[in-house]
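>>> pasting the sequence and the predicted coordinates here, then a few questions.
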Amino acid sequence: MSSYSGRHRTPTRAERRAATGRRRLPKAFGAGYALPTAAAATLVVTAGGATAAQSTALASGTAVSAFTAPAAQHSEVLADPALAERSKGEVAQTVAGYTDLAQRRQESSQSVAEGQGRAQERQRVARDKKRKELAAQKREAAKQRAAEKKAAAKELGVSTEDVTVDAAGTPAVADGAWVLPLTNPVFTSGFGPRWGRMHAGDDFGVPIGTPLRAMSNGEVVFAGQQSGYGTMVDIRYTDGTISRYGHMSSLQVTVGQKVSAGEQVGLSGNSGRSTGPHLHLEIHPGGGEPVAPRSWLAAKGLTY
C-alpha cells in the first residue's frame with residue numbers, strides 16, 4: 001500500500017463512531033427522560049433488565065431457560081395491578097401538587113396586584129383631596145385680596161385697578177397711579193376769588209389729626225412753616241406737578257424724601273390763617289401757577 005496521504009476532509013462524528021465501533025445510547029435512557037416517581041423507575045429498570053437478559057442469552061447461544069424464571073417474575077411485576085395503581089396515584093399526586101402550587105402562586109400574585117391597586121387608589125384619592133384643598137385655599141386667598149383691594153380703593157378714592165396687594169396682604173397704590181390726599185373728603189370751599197383775594201385751592205373740612213397722603217410717586221420739596229399756610233408740605237410728582245397741603249398739625253416727611261402714592265406725609269390741622277380745622281389743597285402743574293384742583297384731579301379719574 002502506498003504511503004501517500006492525499007488531502008481529504010476530516011471525518012464526521014458519525015464516521016468516527018462507525019470506525020471505532022462506538023454506539024450511542026438511545027435518548028430514552030438519558031437522565032433527562034427518567035420518570036420522577038419511584039414506581040416508574042422500578043418499571044423502567046425491571047423491563048430493561050428483562051429485555052437485556054433475553055437478548056444476551058439469545059446472542060450467546062445459551063439456553064433460554066436460565067432466564068425464564070426472572071422474565072416471568074418481571075412480567076408479574078409489570079402486570080401487578082397494585083403497583084400500577086400506586087404509580088398512577090403518585091403521578092396524580094405530583095400533578096395535583098404542581099397544580100395547587102401554580103394556583104397558590106396565581107392567587108398570591110392576584111392578591112399582591114389587588115393590594116397595589118388599592119394602595120394606588122388611596123394615593124390618587126389623597127392627591128385629589130390635596131389638590132382640591134390647595135385650589136380652595138387659592139380661591140379664598142384671591143377672594144381676600146380682592147376684598148382688600150376693594151377696601152383700599154375705596155379708602156384711597158381710586159379704582160381697584162390702581163391698587164396692588166403684596167405677598168403679606170398689604171394693599172398699596174400701583175406705580176404711576178393717583179389718589180386723593182385723604183379718605184372721604186368733604187368739600188367746603190373751592191378755587192377762585194374769595195373775600196377780595198384769590199383762593200388758590202380747594203378746602204376740605206376734616207378733624208384735626210386726619211392722615212394726609214401723597215397723591216402719587218414723588219419727592220418732598222418743602223416741609224415746614226409758611227405765613228398764612230401754617231404748617232405745610234410741597235411734593236413734586238414725576239410729571240412735574242407740585243401739590244401743596246396747608247394748615248397741617250404735623251409733618252412726617254422731610255425735604256428730599258421720596259414718597260409713594262398713598263404714603264402718609266402728615267396730619268391735618270388748623271395752623272396758619274384758618275377759620276377751622278381743614279385741609280387746604282393746591283395743584284401747580286409743572287411747578288407753575290395754581291389751577292382748580294377739582295377739574296385737574298377729575299382728569300386723573302379722581303372725583304369728590
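Nice, I can see it. Numbering: from 1, shown residues only.

>>> report the secondary structure state of residue 208.
Each residue gets one of three states, and residue 208 gets coil by DSSP: H, G, I helix; E, B strand; the rest coil.

>>> that one reaches residue 248, doesn't it?
No - using C-beta atoms under 8 Å, residue 208 and residue 248 do not qualify as a contacting pair, with a distance of 9.5 Å. Placement of C-beta: from N, CA and C, glycine included.

>>> between those two, who's got more neighbours?
Looking at residue 208 and residue 248 with other C-beta atoms under 10 Å, you find the greater number of neighbours at residue 248, namely 27 against 16.

>>> which neighbours do residue 208 and residue 248 share?
Both residue 208 and residue 248 are in contact with 267, 268, 269, where contact means C-beta atoms under 8 Å, 6 or more residues apart in numbering.

>>> ok, so of those residues, who is nearest residue 182?
Distances from residue 182 to those, taken as C-beta to C-beta, are shortest for residue 268 (7.1 Å).

>>> leaving out sequence neighbours, find the closest residue to that closest one.
residue 210 (4.2 Å; C-beta to C-beta, 6 or more residues apart in numbering).

>>> quick check: the one you found vs residue 247, distance?
To residue 247, residue 210 is 11 Å away according to C-beta to C-beta, to the nearest Å.

>>> quick one: the helices in the stretch 1-150 of the chain?
In order along the chain, the stretch 1-150 of the chain carries the following helices (DSSP state H, counting those that start in this stretch): 13-20, 38-60, 68-78, 81-156.

>>> pLDDT (mean, whole number) over the first one?
For helix 13-20, mean pLDDT is 72.

>>> buried residues, that helix. List them.
Buried residues in helix 13-20, defined by neighbour count with 16 or more other C-beta atoms under 10 Å: none.

>>> dump that helix to PDB, restricted to CA.
The C-alpha trace of helix 13-20 is given here as PDB (Å, rounded to 0.1, in the frame of the first residue of the first chain):
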ATOM      1  CA  ARG A  13     -18.500  12.400  14.100                       C
ATOM      2  CA  ALA A  14     -20.800   9.600  12.800                       C
ATOM      3  CA  GLU A  15     -18.000   8.300  10.600                       C
ATOM      4  CA  ARG A  16     -15.600   8.300  13.600                       C
ATOM      5  CA  ARG A  17     -18.100   6.300  15.700                       C
ATOM      6  CA  ALA A  18     -18.600   3.800  12.900                       C
ATOM      7  CA  ALA A  19     -14.900   3.300  12.600                       C
ATOM      8  CA  THR A  20     -14.300   2.700  16.300                       C
END
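
>>> centre of the chain to that helix, how far?
Helix 13-20 has its C-alpha centroid displaced from the chain centroid by 75 Å (C-alpha atoms, centre = their mean, to the nearest Å).

>>> next, format the helices of the stretch 1-150 of the chain as a markdown table and append distance to residue 241.
Below are those laid out as a markdown table (distance: least, C-beta to C-beta, whole Å):
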| stretch | distance to residue 241 |
| --- | --- |
| helix 13-20 | 111 |
| helix 38-60 | 112 |
| helix 68-78 | 124 |
| helix 81-156 | 18 |
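
>>> looking at the ones you listed, which is closest to residue 239?
Residue 239 lies closest, by C-beta to C-beta, to one member of these: helix 81-156, at 18.6 Å.

>>> for the helix or strand following the closest one, name the packing helices and strands.
Of the helices and strands lying after helix 81-156 in sequence (DSSP states H and E), the nearest is strand 163-165. If you count contacts as 3 or more C-beta pairs under 8 Å, 6 or more residues apart in numbering; DSSP states H and E, strand 163-165 packs onto helix 81-156, strand 171-173.

>>> average pLDDT for the first one?
What that stands for is helix 81-156. Helix 81-156 shows a mean pLDDT of 88 in the predicted model.

>>> got it, and the shortest one?
Mean pLDDT, taken over the full extent of strand 171-173, equals 78.

>>> quick one: contacts for residue 234?
The contact partners of residue 234, taken as C-beta under 8 Å, 6+ apart, are 220, 221, 222, 223, 242, 243, 244.
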